[in-house]
Structure formats: structure tokens, C-alpha cells
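>>> can you look at this prediction? I've put the sequence above it.
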Amino acid sequence: MARQRTERPGRSRGGVRSVREDRGPVRYGPPAPDPGLPVLPELAEVLAAAAGRGEPEPTGGGAALRTAAAAYWERRGLPGGPERIAAAPGASPLLLALIAAHGGDVLMPRPCPATWIPQARLLGRPAYHVPTPAECGGVPDPYALLETVRRVRAEGGRPRLLLISVVDDPTATVAPPELVREACEAAVAEGLHVVSDETWRDTLHRPHDTVLLSPAEMCPDDVTVVCDLAGALTPSAWPVAVARFPDTERAAVRHARTLDILTALGALVAGPVAMAAAHALREPEAVTDRARRAAAFQARIAAAAHRAVLAAGALARPPQAGRHLYADLGPLRSRLAGRGVTDSLELEEYLTERLGAPTPGGHRFGDELGALRVRLGTGTLLGSTPQQQLESLTAVAPLELPHVAEALSIFATALDELR
């Protein structure tokens, strides 16, 4: 969780330091990486057609939304009926309900999505970070996981839940299947239930060359899968997320408890949004074409951004999915210190100002404040207008488009100044 730092003012354009309202507090937490694309017209038409519907969906989603979600997962090798699905207006309330329904202490990799830590702490649950291996983020090292579980229990804790993301935010990496298997088997052997966040699974940059294995394929009775549709299918302004529960009696109890909590929260999906989400989950050609083109563009633009990071002397794992990458500017610490940047909070402010786009520091994702890590979004590099964005999406050589080349130049220059 980001700490509040309002005692240290920010910079104004005139050189006079002034307090920034959004400095540090979690209530101003970073948004998910921006897709940088206009709303798909077909989805807009579905939403508009349902705009006259005044009532919300029932708790957990109506039959059409849940059926569409069940079919979406069945096409990905995870069969099951709509009775095992729960929907909520966004990933945050859904995750909050899941954590509350399972009880016990929560374990998660470091780094992890920015919303995970606040959800656990809001419920008063201890949250423990587990190191990830060198090759990827999102899934903890199995041996470190076992050691953490034993340590927590020795200290009187009750580890019950492991949160993972096989296609990761913030690192934009995909966990190798063997690591996923080992981590999940270790978790299940220790009595942990696994929540697998698969929000970004449809954003693989090279889907034919990347092996993606859902933990629910290996441990079907011990894994709940969560997907925020804003990852690849719907606009972030239309919040909806869905969860798929195992087919067991224990999971049925947790499903019912999750619905109770969503009811108490008033976390109901808006009717028109549910209609658009169900349409997207059925994956008509327009939706799949948009997702495929967006992932292909991001493969190119993220690779170019990654090259710029490395050329500046910083470090980053090669991005494999999503519309972001996670950079470690530790090698540039001395140059950053000369600019008044000594931790990730200050790095966030510095690069957000230089790049003109949200650039959340690693402290938002559970990394140490002193580590100079930052999530760099690439969606904003598509262009600043819907016309430019669509041109980027359909161009044969998008990196050669003037607006894309200019955006990449600004990105690279901001980093290159630190060498």
C-alpha cells in the first residue's frame, strides 16, 4: 500500500514547490493500463440498445451474462455451468468479496496488481508477499511459498488464500507452465485455495508462441478464476468482472458467501453494461478482431519501449502480454538522485510529469519504496485521437506512423536523459 507523503510538496511549473493532492494515498491508486483505443462500435450499439433498461442485474449477474462467461471459459478448456459464475461491477469489489468469503491470511507475489493489497487490508487481513523467480512475475517461487507459509504459521498466522496472475500486471510476463504447476501444487498441499487472476490472458503478444496454462486446468477443485473484462474485451468505463468457481460442495458454499457479500456491498452490474459484457464474452468476430489487432500492435510498441528502457541503462523483463512493462531504474540511481528522485514515489511523479501519462511507482505494487521500479504504460503510444488510434491499429507498419514515432521519441528521450 502506498504511504501518505503530503508533508513533502511537489513541484509546480514556476519552480515553487506545492502540495499535490494525489501524492501517495491509495485512494488515488493507479488505473489499469490504458488500452488507448476508442470503444468498439458494435459494443456501443449493444449498450445503447439496452440503455432503456433501468434495473440492475441480480447479485452475481443475470443468466445471460453468466451463461456467456461460462461459455467463454469452456472455449479455453475450463468447462462448467453458469451456476458456478459470479459477476460484479469491476475486479475490486469481486476480489474483496472473494477474500472475505475464504477467510484467513492472504499470500501474494511481489510485485502484484495494485488493487490486491488494499483489498486485503480493507478487510483487516494480513497480507504476505512471496518473491517471484527471475524469469517472470505473477506466480511465487514454490520454495519461497512453502517457506513463507511455514513462517506465517510459526508466527500464529492462518494462511488460507494465494492470489496469483499467470499473465501478470505489473510485469507483463507469462508464467511458464512448469512454474504454475509447482506453485499451485505447493499451495494446495499446504491447504491454500488459489485465486487466479486471468484478466490479461487475451492480450498475449505472440499467442502462437506462448504457452499459457491456467491453474484451474491442473487443480480444478482448488482454483477460482477471476477475469476483469477491461483487460481485452470491454472499455474500462464499463466496469464488470467475472469469477469462475470450482465444482465442489465447498466452492458452492463460498460462491453463496461471495454473493452475500456482493449483496451487502450493493455491488450490482448495471443492466446495459451486463448486456454489452455478455455480447463481448460471446466473442463475435468484431470483438476478437479488435483484441487480436490490439495485441499485435502492443507486441510491436512494447518491444520498442523495452528497447528504449534497456538503451537508457535500466532493466526490464521483455513484455509478453498487456499494454505495459515494468522497469527497474536502479542502475540509474545516481543520476536520478541528482534530479531529486530517491524512491519510487518520487520516480512516479518525475516520469508522470515527463511522459504526460500515469506512471505508477513500484510501491503501488508491493515493492519496497526505495526500489526505483515503475510500471510504464504503452497504450497511450497509439495516438491522442480516435482517428490516430484506429490508424495505429490497422497500419502495416504502425511504428512508422508520425504520431507513433513521435510518442516513442518522447518516451525514449525521457529515459535517455537519465543516462
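Arrived safely. Numbering: from 1, shown residues only.
>>> touching, Val223 and Pro246? I think so.
Yes. Val223 is in contact with Pro246 according to Cβ atoms under 8 Å; the separation is 6.6 Å. C-beta here means a position set from N, CA and C on the backbone, and glycine is covered the same way.
>>> ok, the two, which is more surrounded?
Per other Cβ atoms under 10 Å, whichever of Val223 and Pro246 has more neighbours is Val223, with 25 against 22.
>>> now do the contacts for the more buried one.
184, 193-196, 214-216, 246 (Cβ atoms under 8 Å, 6 or more residues apart in numbering).
>>> one more time with 7 Å
Neighbouring residues of Val223 by Cβ atoms under 7 Å, 6 or more residues apart in numbering: 194, 196, 215-216, 246.
>>> tell me if I'm right that Leu47 and Pro272 touch.
Yes. Using Cβ atoms under 7 Å, Leu47 is in contact with Pro272, at 5.1 Å.
>>> which other residues reach stretch 255-269?
By Cβ under 7 Å, 6+ apart, stretch 255-269 touches 56-57, 59-61, 65, 84, 86-89, 93, 97-98, 100-101, 240, 245.
>>> same thing but 6 Å
Residues outside stretch 255-269 that contact it (Cβ atoms under 6 Å, 6 or more residues apart in numbering) are 56-57, 59-61, 86-89, 93, 97-98, 100-101, 240, 245.
>>> filter the contacts of Val223 down to the ones in strands?
Secondary structure from DSSP state E places 194, 196 of the contacts of Val223 in strands.
>>> okay if I get the contacts of Val223 as CSV plus distance to Arg292?
Listed next are these as CSV, based on distance: Cβ to Cβ, whole Å:
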residue, distance to Arg292
Val194, 29
Ser196, 23
Pro215, 25
Ala216, 24
Pro246, 30
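>>> just the closest of the contacts of Val223 to Ala314, please.
Nearest to Ala314 among the contacts of Val223 is Ser196, at 30.1 Å by Cβ to Cβ.
>>> ok, the residue lying closest to that closest one once chain neighbours are set aside to Arg84 distance?
Excluding the flanking residues, the one nearest Ser196 by Cβ to Cβ, 6 or more residues apart in numbering is Pro215, at 4.6 Å. Using Cβ to Cβ, to the nearest Å, Pro215 is found at 16 Å from Arg84.
>>> same thing with Phe365?
According to Cβ to Cβ, Phe365 and Arg84 sit 30 Å apart.
>>> please apply the same query to His403.
Distance from His403 to Arg84, by Cβ to Cβ: 45 Å.
>>> so which residues of the stretch 51-200 of the chain form strands?
Secondary structure of the stretch 51-200 of the chain (DSSP state E, counting those that start in this stretch): strands at 85-88, 105-110, 127-131, 159-164, 193-197.
>>> neighbours around Thr352, how many?
The burial count for Thr352: 17, using other Cβ under 10 Å.
>>> pretty sure it is touching Thr359, no?
Yes. Between Thr352 and Thr359 there is a contact under Cβ atoms under 6 Å: 4.6 Å.
>>> low-scoring stretches of the stretch 51-200 of the chain, by residue?
Regions of the stretch 51-200 of the chain meeting the criterion pLDDT under 70 are absent.
>>> give me that answer again for 90
53-56, 103 (pLDDT under 90).
>>> report how many residues lie close to the residue nearest to Ser196.
For Pro215, the number of neighbouring residues by other Cβ under 10 Å comes to 27.
>>> tell me the contacts of it?
180, 184, 194, 196, 223.
>>> distance check, it against Arg160.
16 Å.
>>> hey, where'd the strands end up in the stretch 301-419 of the chain?
Remark: strands assigned in the stretch 301-419 of the chain by DSSP E, counting those that start in this stretch are 315-316, 324-328, 373-377.
>>> the more surrounded of Phe365 and Arg84?
Phe365 (28 against 22).
>>> check contacts around the more buried one.
111-112, 114, 170.
>>> could you redo the last one with a cut-off of 8 Å?
Counting by Cβ under 8 Å, 6+ apart, Phe365 makes contact with 110-114, 170, 326, 373, 375.
>>> now do Leu372
Counted by Cβ under 8 Å, 6+ apart, Leu372 has contacts 328-330, 332-333, 336, 341, 343-344, 347, 362.
>>> returning to what we had before: mutual contacts of Val223 and Pro246, please.
Contacts common to Val223 and Pro246, judged by Cβ under 8 Å, 6+ apart, are Ala216.
>>> show me where the protein has helices.
Assignment of helices within the chain using DSSP state H yields the ranges 41-49, 63-74, 91-102, 116-122, 142-154, 177-189, 215-218, 249-265, 271-281, 285-311, 333-337, 344-355, 386-394, 402-416.
>>> I'd like these as TSV, with distance to Ala321 appended.
What follows is the helices of the chain, written out as TSV (distance: least, Cβ to Cβ, whole Å):
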stretch	distance to Ala321
helix 41-49	22
helix 63-74	18
helix 91-102	17
helix 116-122	18
helix 142-154	22
helix 177-189	14
helix 215-218	16
helix 249-265	27
helix 271-281	18
helix 285-311	8
helix 333-337	28
helix 344-355	21
helix 386-394	17
helix 402-416	19
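>>> please identify the most buried of those helices.
Comparing the helices of the chain by mean neighbour count (mean count of other Cβ atoms under 10 Å), helix 271-281 ranks first with a mean of 25.
>>> can you state the direction angle for that one and helix 285-311?
Orientation of helix 271-281 against helix 285-311 (axes from the mean of the first three to the mean of the last three Cα atoms, to 10 degrees) gives an angle of 80 degrees.
>>> please name every helix or strand in contact with helix 271-281.
Applying 3 or more Cβ pairs under 8 Å, 6 or more residues apart in numbering; DSSP states H and E, we find helix 271-281 packed against helix 41-49, helix 63-74.
>>> looking at the ones you listed, which is nearest to Ala395?
When the helices and strands packed on helix 271-281 are compared by Cβ to Cβ, helix 41-49 sits nearest Ala395, at 19.2 Å.
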